[in-house]
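In: Kindly generate the corresponding structure for this input.
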Amino acid sequence: SGTAVSSTCSFGSTQRLPRKQQSGDEEAPVTAPRPATGQEDSSIASKSLQALARHRSSNEGAWRAHLQRAAEACEKADAEGAARVLNACSRSPLLSAGDSSAAQQVAQLYAERAGRLLPQSNSRQLATVANALARMMVRDEVLVANLAKELRVKFAKCNTFQASLIANALARLMVVERTLFGQLIPAYAAKHASRFRVKDLALVLNAYAKTQLRSTAVFEALADRCREQAEHMDCHAVSVIANAHARVLVTDERLFRALAWRLRSCSRTCTFQAVAGLANSYAKFGFTSPARPPEAEEAVAALAAQKAYARPSRNLPGSLGITDAVFDTVLGELPRLLGEWSSQSSSAHSTVLLAHAAARAGQHRRRPELPATLAASALRGLRSFEAQQLGMLAVAFAEIWPLGADAARSQEASEASSAGQGHLTRELFWSKLASEAAARNELLSPSDAANCGVAFAAAGLDAEDVLALHLVQHCREEPPPAVASAILVAHAFAGVWDKEALELLSGHIPDMLWQATDAIACRLGLSLWLAGGRVEGELRQSIEAHVVRVAWSLAQPVPPGAASSRGEALELGLESDDSAMRTACQGLAALLAPDLRLNAGSSARLEDAAGTSRLMWLEVRPDLAESFEVRMPPCVPRSSRPAAQSWQPDVAPSPELLEAGQRLALRLSEERPSLGLLLQRLLRARSGDGAEQSTAAASFSSRSAPASTAGQLPPRGCVLSALLLPSATSRRPSHLRASSDASIEETSSAIGAGRLSR
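Out: Purely as a prediction, here's the structure:
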């Protein structure tokens, strides 16, 4: 019998000879194994990289070897291989380790190869390529345009995961393909909503939120599916879905109730970022309906019917509002999350977002210890905050933790900690925040510097802290109207006279009026008078037209269905009636206030303060029954000026403005009695004509501030500047507000910060 002969192929396996050769005496010729083709090498290289990515291998040597092998076989790769290699490159540890040259070079080669193979790619391969490009932020305009063109043709063949992956990838690349986002994805969501899983729902909704596309068709089509899948969501998914609705202002109270109930079970999986996102989302809508599961509504209703005579119990399911329940849940995880604090930018952003959410929802009144907790965490990583985050942090804490707290808030805080420690903590926090902002004033953008200035003035910091921001540097070039008004508000509230800033901003106003909204124009007018004593020119005309228009609209009867239209207006971010009324009152006060530059005595004192920034305050407040005093800075020796100066009449207001002012003053009296009474007195003082005009003008008197009080803020309860930042008294508990319309004095020493629209 013959001897069996074996040969070894390239993979090391033994080749079996045919049975005929094994049993015969003759030796059969041995044929060499077929060498691997270039396409097979490319397939092997792509599969090897895919295996490394799936196993999340951190072996950098293996990654470099397989990437080099894939680069050599790039020209033979097919559509499947190109998609695999791009996906593996996007997940390579070489990118995160900083050694990204090898992965980036291979990704560039295969991106060009994938672009040539797009017509041969199926929907799954297209989705993989799009996701890989988004993960690596490769924004090749030609490649992305061709990719979107192919996706339009093959999108109908996608499954739900591929469809959601495509939407998320294009959103991350900031490519808003009109046909995909406007037609194909909404139609796909309406047809296949029942197939979407939790991850698919989060990806699609987040894509529309990231691109700021308020497609109600997509959100409504997936609303029922979101409620069905709520029981399978973790905290991250709940946060992403809630944040998507909040960013585009799509209100779905049933969904938010279901998410709030699910949050009770999965709160232990929350990260700091998820907690901040949830708090911000629920604070935006401010739902007050009971937080209970949908299936418990009938049981609660039956129980309430049986015990109709009894008072509502706090132990009943859903006795707490949705927003308050969510805050109680997520803030319960705050000690654990702060213990895991890291000085990364995401933690700083989460702190800012959580502080803003607490201010918006009024949680600092429910939880007096919350501001101190957030302040301590912010101070721990203050150096890691970006310049933009410093401004946002200052605005939030000016509302929830100002230096001057009223008696009720101090009493609440003393229950959690001693009053002395709390006040020292406030001073320490604001001192460090002001020092950090002053040290980085060259890095602050105009909007960030304006945010800091408004917050410092409103929180009760010294005027020197506002001066340290050097706001005049942002006035030399024309700032946006919102920033200009914020700079003037900061000067008015801090009591700072800065002639250079006033002259620069006054020169920019005619050119910026065309892009200023009516609300900004009114705020600009009042802050300009409080900071400089004069409103003139086109700004007066613009303000007067808006005041008359708002007063006329408020006097009209409310048509049927107006409630729904107002709700839609709020969802779109438009002004409500109350907000429009307050804005018009700001403009009315600016028009009724006397022009200080027309009077010789006041002009001399104002010009004496020119040249440098000086501490001063300029305010209109009630003095006697029908008179006012205009507080002015102590710029000249007290012995050389009269104690009071009569005002010369300036341009008389039009009859239309006076009639509109009466309507607005009466409407304001319903919400803010003291300010409404102040506007009524201003109207009476300015409504005379002829012989009565001189008497009316004499009701305004100029009083110089005593030298001992220079730079100190006057009481803000019933003065014109209270119209600029009204949140201090409007958000306080009702028992702390004025008790009657005749009351002028309000016990308010705290000044809340109104958010500057960025």
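In: hang on, Ala593 packs against Trp529?
Out: Yes. With contact defined as C-beta atoms under 8 Å, Ala593 counts as touching Trp529 (5.0 Å). For the C-beta atoms, the positions are set from N, CA and C on the backbone; glycine is no exception.
In: Mind listing the shared neighbours of those two?
Out: Counting by C-beta atoms under 8 Å, 6 or more residues apart in numbering, the contacts common to Ala593 and Trp529 are Val535.
In: pLDDT weak spots in this structure?
Out: Segments of the chain classed as low confidence (criterion: pLDDT under 70) are 1-40, 96-100, 292-319, 341-346, 404-424, 557-576, 596-651, 688-721, 725-758.
In: Which parts of the stretch 401-550 of the chain are strands?
Out: Counting by DSSP state E, counting those that start in this stretch, residue ranges of the strands within the stretch 401-550 of the chain are 496-497.
In: Check the chain too.
Out: Shown for the chain, the strands assigned by DSSP state E span residues 496-497, 614-615, 619-622, 628-632, 700-704.
In: can you list the domains in this protein?
Out: Domain segmentation of the chain under automatic domain parsing yields 36-157, 446-555+574-736.
In: Make TSV out of these and add mean neighbour count and distance to Ala223.
Out: What follows is these, written out as TSV (neighbours: other C-beta atoms under 10 Å; distance: least, C-beta to C-beta, whole Å):
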stretch	mean neighbour count	distance to Ala223
domain 36-157	18	22
domain 446-555+574-736	19	24
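In: Turn those domains into TSV, including distance to Glu228.
Out: Formatted as TSV, the entries for the domains of the chain read as follows, by distance: least, C-beta to C-beta, whole Å:
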stretch	distance to Glu228
domain 36-157	24
domain 446-555+574-736	33
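In: any idea how far Ala134 is from Ser239?
Out: Relative to Ser239, Ala134 is positioned 21 Å away (criterion: C-beta to C-beta, to the nearest Å).
In: So for Ser57, what's the nearest residue that isn't a sequence neighbour?
Out: When the adjacent residues along the chain are set aside, Ser57 lies closest to Trp63, with 7.1 Å between them (C-beta to C-beta, 6 or more residues apart in numbering).
In: next one: Arg56
Out: For Arg56, the nearest residue in space outside its immediate sequence neighbours is Arg91; the separation is 7.7 Å by C-beta to C-beta, 6+ apart.
In: right, and the one you found touches Asn131 too?
Out: No. Arg91 sits out of contact with Asn131 when judged by C-beta under 8 Å, with a separation of 10.4 Å.
In: so who does the residue nearest to Ser57 touch?
Out: Trp63 touches Leu52, Ser57, Ser92, Pro93, Leu94, Ala102, Ala103, counting by C-beta under 8 Å, 6+ apart.
In: re the thing from before, which one of the domains of the chain lies nearest to Thr271?
Out: Thr271 sits nearest to domain 36-157 of all those, at 18.9 Å, using C-beta to C-beta.
In: Mind listing what's buried along stretch 322-335?
Out: Ile322, Thr323, Asp324, Ala325, Val326, Phe327, Thr329, Val330, Leu331, Glu333, Leu334 (16 or more other C-beta atoms under 10 Å).
In: Can you name every helix or strand that the longest helix belonging to the chain contacts?
Out: Longest helix of the chain, by residue count under DSSP state H: helix 419-439. Applying 3 or more C-beta pairs under 8 Å, 6 or more residues apart in numbering; DSSP states H and E, we find helix 419-439 packed against helix 370-380, helix 387-400, helix 407-416, helix 446-459.
In: Buried deepest among those, which one?
Out: helix 446-459 (a mean of 28; mean count of other C-beta atoms under 10 Å).
In: Report the angle between it and helix 387-400.
Out: Using axes from the mean of the first three to the mean of the last three C-alpha atoms, to 10 degrees, the interaxial angle of helix 446-459 with respect to helix 387-400 works out to 20 degrees.
In: Name the nearest residue to Ala163, ignoring sequence neighbours.
Out: Excluding its sequence neighbours, the residue lying closest to Ala163 (C-beta to C-beta, 6+ apart) is Tyr188, at 5.6 Å.
In: Closest to Asn168 out of the contacts of Trp63?
Out: When these are compared for distance to Asn168 (C-beta to C-beta), Ser92 wins out at 20.3 Å.
In: Assess the claim that the closest one and Gln104 are in contact.
Out: No. Taking C-beta under 8 Å as the definition, Ser92 is not a contact partner of Gln104, at 9.5 Å.
In: which residues does the residue nearest to Met392 when sequence neighbours are not counted contact?
Out: Once flanking residues are discounted, Met392 sits nearest to Val352: 4.8 Å by C-beta to C-beta, 6+ apart. With contact taken as C-beta under 8 Å, 6+ apart, Val352 is in contact with Phe385, Gln389, Met392, Leu393, Ala396.
In: And for Ser43?
Out: Listed by C-beta under 8 Å, 6+ apart, the contact set of Ser43 reads Asp78, Glu80, Gly81.
In: Ala490 is in contact with Phe456, correct?
Out: Yes. Applying C-beta under 8 Å, one finds Phe456 in contact with Ala490, separated by 7.3 Å.
In: intersection of neighbour lists for the two?
Out: In contact with both Phe456 and Ala490: Val466, using C-beta under 8 Å, 6+ apart.
In: roughly how far apart are Leu331 and Tyr282?
Out: Between Leu331 and Tyr282 the distance, using C-beta to C-beta, works out to 12 Å.
In: overlap in contacts of these two?
Out: Taking C-beta under 8 Å, 6+ apart as the contact definition, Leu331 and Tyr282 share no neighbouring residue.
In: quick check, nearest of the contacts of Val352 to Ser46?
Out: Gln389 (42.5 Å).
In: Tell me the spacing between that closest one and Val198.
Out: 31 Å.
In: for Ala190, same thing?
Out: Using C-beta to C-beta, one obtains 19 Å as the distance from Ala190 to Val198.
In: The two: which has the busier surroundings?
Out: Regarding Ala190 and Val198, a neighbour count based on other C-beta atoms under 10 Å identifies Val198 as having more, with 20 against 13.
In: what's the spacing between the more buried one and Asn206?
Out: As it turns out, when the distance is counted by C-beta to C-beta, Val198 lies 12 Å from Asn206.
In: For Ile509, give me its contacts.
Out: Going by C-beta under 8 Å, 6+ apart, the list of residues near Ile509 reads Ala484, Leu524, Leu528, Gly537, Glu538, Leu539.
In: need those in CSV with distance to Ala260, can you?
Out: Output for the contacts of Ile509, formatted as CSV (distance: C-beta to C-beta, whole Å):
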residue, distance to Ala260
Ala484, 41
Leu524, 40
Leu528, 45
Gly537, 52
Glu538, 50
Leu539, 46
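In: Show me those that map onto helices.
Out: Residues from these lying in helices, with DSSP H as the criterion: Ala484, Leu524, Leu528, Glu538, Leu539.
In: And those residues, which two are furthest apart?
Out: Across the ones in helices among the contacts of Ile509, no pair lies farther apart than Ala484 and Glu538, at 14.3 Å, counting by C-beta to C-beta.
In: so Ser48 sits right up against Arg69, yeah?
Out: Yes. If you go by C-beta under 8 Å, Ser48 and Arg69 touch, sitting 7.4 Å apart.
In: doesn't Gly81 make contact with Thr128?
Out: No. Counting by C-beta under 8 Å, no contact exists between Thr128 and Gly81, whose distance comes to 11.2 Å.
In: Cool, thanks, talk later.
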